[in-house]
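Asker: 3D, please:
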Amino acid sequence: MSLFDRSAGKLSGQTMLLLTADPGNALLDAARLYDPEVRHWHGRLVFRNGVLLFGPVTVTPKVEQQAGLPPGFAVAWYTGAAVQRHSQERSHLAKQDDGDRLVRGLADRLGGTTHPAHLQPELALLASVYSEQGLSVEQVIEALQPYGGELRAEDEKPDSYGVTGKEAPFYVGYFGPQLYLERETPPAVGAMRSKPLHHWDINTGTRAARAARELSLKVGEAALALASRSDGVALDMLGFRISSAQDLLPR
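Answerer: Numbers count the residues shown, from 1 in each chain. The predicted structure follows:
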């Protein structure tokens, strides 16, 4: 299969995942961390947020040269955008950004790389928790205190608040179901996605690529503790589900 079976114009600007060998089922397993309901359809993976991932494409020397790819890779996948129902439709730019994050997360988990090699923007170290179950701000503080020290609530409103502390390594923002937008929610939330959810962001303000190991682990542990307390799911800054604090460490 040639990378240029489709016109070069249609591929222009698309993000690619490059691997040294076909990973087989490991690709789909990793993709399910991004979207548990991902579907395989006619040579592409279809994600709920309108992102498509086409492949695998065999990278021959000719394809490598035509596409301007770095040497040493055997297979490639490239992103696209699906047409969605009006109620779920998101802008092309949003889908492209989601496609970039998907490819970055897959490359991290499968030992590959992306093309272009450096995708923007540089992401802050952040973990998110989504849940159908609400918690009082006191319960949130109790769950996070082992990782954030002395914490307090601020800017409390009926549908939002913050949690911070003088020596806290992170800031927590809460957004209630009244502010929930299904089309903006990461597909990793899965079947819960169609319901108004409670959402917490644990944000450090530190670039993920430069964050200290201790800080990355602390944020991961805090997110998993809050997800456990609220019976929710914890996600990394690329929108992939995490099951261990080590999932936030740079790969």
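Asker: where does Leu224 sit: helix, strand or coil?
Answerer: What DSSP: H, G, I helix; E, B strand; the rest coil gives for Leu224 is helix.
Asker: distance of it from Gly80?
Answerer: When CB to CB, to the nearest Å is the yardstick, Leu224 and Gly80 sit 33 Å from each other. (Glycine included, C-beta is placed from N, CA and C.)
Asker: now do Ser244
Answerer: Plainly put, Ser244 is 31 Å away from Gly80 if you go by CB to CB.
Asker: these two - which one has more neighbours?
Answerer: More crowded of Ser244 and Gly80, by other CB atoms under 10 Å: Gly80, with 19 against 12.
Asker: quick one: the strands in the protein?
Answerer: Using DSSP state E, the strands assigned to the chain run over residues 16-19, 39-40, 44-46, 51-58, 75-81, 113-115, 124-131, 152-157, 160-164, 171-175, 198-207, 233-235.
Asker: can you pull the pLDDT of Val75?
Answerer: Val75 is assigned a predicted lDDT (pLDDT) of 92.
Asker: that one: neighbour count?
Answerer: By other CB under 10 Å, 18 other residues sit near Val75.
Asker: now do Pro121
Answerer: Neighbour tally, Pro121, other CB under 10 Å: 8.
Asker: what do you get for the one 3 residues further on?
Answerer: Each residue near Ala124 was counted by other CB under 10 Å, and the total is 13.
Asker: make residue 1 into 7 and carry on from there
Answerer: Done: numbering now begins at 7, and the last item shifts to Ala130.
Asker: surely it meets Leu244?
Answerer: No - counting by CB atoms under 8 Å, Ala130 stays clear of Leu244, with 11.6 Å between them.
Asker: in this structure, what helix or strand scores lowest on average pLDDT?
Answerer: Using mean pLDDT, DSSP states H and E, helix 14-17 stands out as the lowest-scoring helix or strand of the chain, at a mean of 37.
Asker: quick check, pLDDT for the residue lying closest to Ser234 once chain neighbours are set aside.
Answerer: Leaving aside its sequence neighbours, Ser234 sits nearest to Ala149 (CB to CB, 6 or more residues apart in numbering; 7.9 Å). pLDDT, Ala149: 98.
Asker: understood, closing this out.
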